[in-house]
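Undergrad: Quick one, structure for this:
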Amino acid sequence: MGRDKATLVFGGVTLAAHAASVLGAVASPCVEVGPGVSGLAAIREDPPGQGPLAAMVAGTAVVGSTSPALVVACDLPLLDADLLRWLRDYRAGISVVPVWEKRPQPLCARWSPSALTTASALVAAGTRSMQALLGATEVALVSPPAELAAGLADVDTPADLDAV
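TA: The predicted structure follows:
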């Protein structure tokens, strides 16, 4: 993108502020792991820039790991509360990771307490891959209802942002 995706503006708000607003509508407590641009209380992983698995662990240190946690990346401009409610309320006693365009979306998922603990162990061992977490814990890979699936569209390039 050439700049921090969190600060990109879509629909009149930054992607970070949008993600924070949607997440805050369905979950509490909420925390941003990043530079503090969402409006939520913010922390950084140590050291910063270690990737989403380390960021997830840093967030877990703040919100705790005794309950499932919704983990949401900021690069989902079409994310809405209905999709997050569906994830939050999905009937499975394990982590719930939606599949979109034939790929698991671990950065818009509900992670179980045991997965959060596993994530901490993986990071402590030097692992930084969300894919490693998918392989190391029990996960329900599920397709969201068609009317909610567009919320999983992430933007990685300027063309992606233009397309949504």
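Undergrad: Report pLDDT for the nearest residue to residue 40 once chain neighbours are set aside.
TA: Among residues not flanking residue 40 along the chain, residue 32 sits closest, at 4.3 Å (C-beta to C-beta, 6 or more residues apart in numbering). To be clear about C-beta, it is placed using only N, CA and C from the backbone, and glycine gets the same treatment. Predicted confidence (pLDDT) at residue 32: the value is 96.
Undergrad: beta partners of residue 32?
TA: Assessed by DSSP bridges, residue 32 has beta-bridge partners residue 42.
Undergrad: so it touches residue 16, yeah?
TA: Yes: between residue 32 and residue 16 there is a contact at 6.9 Å, judged by C-beta atoms under 8 Å.
Undergrad: Which residues are in contact with each of these two?
TA: residue 38 (C-beta atoms under 8 Å, 6 or more residues apart in numbering).
Undergrad: Provide the backbone phi and psi angles at the residue positioned nearest the centre of the chain.
TA: In the chain, the centroid-proximal residue (C-alpha atoms, centre = their mean) is residue 72; its distance is 2.1 Å. Main-chain torsions, residue 72, degrees, to the nearest 10: phi -130, psi 130.
Undergrad: do the one 3 residues further on as well
TA: The phi and psi values for residue 75, taken as degrees, to the nearest 10, are phi -100, psi 40.
Undergrad: For residue 154, see how far away it is.
TA: 5 Å (C-beta to C-beta, to the nearest Å).
Undergrad: out of those two, which sits in the busier spot?
TA: Remark: of residue 75 and residue 154, residue 75 carries more neighbours, 22 against 19, as counted by other C-beta atoms under 10 Å.
Undergrad: So the more buried one sits against residue 152, correct?
TA: No: between residue 75 and residue 152 there is no contact under C-beta under 8 Å: 10.8 Å.
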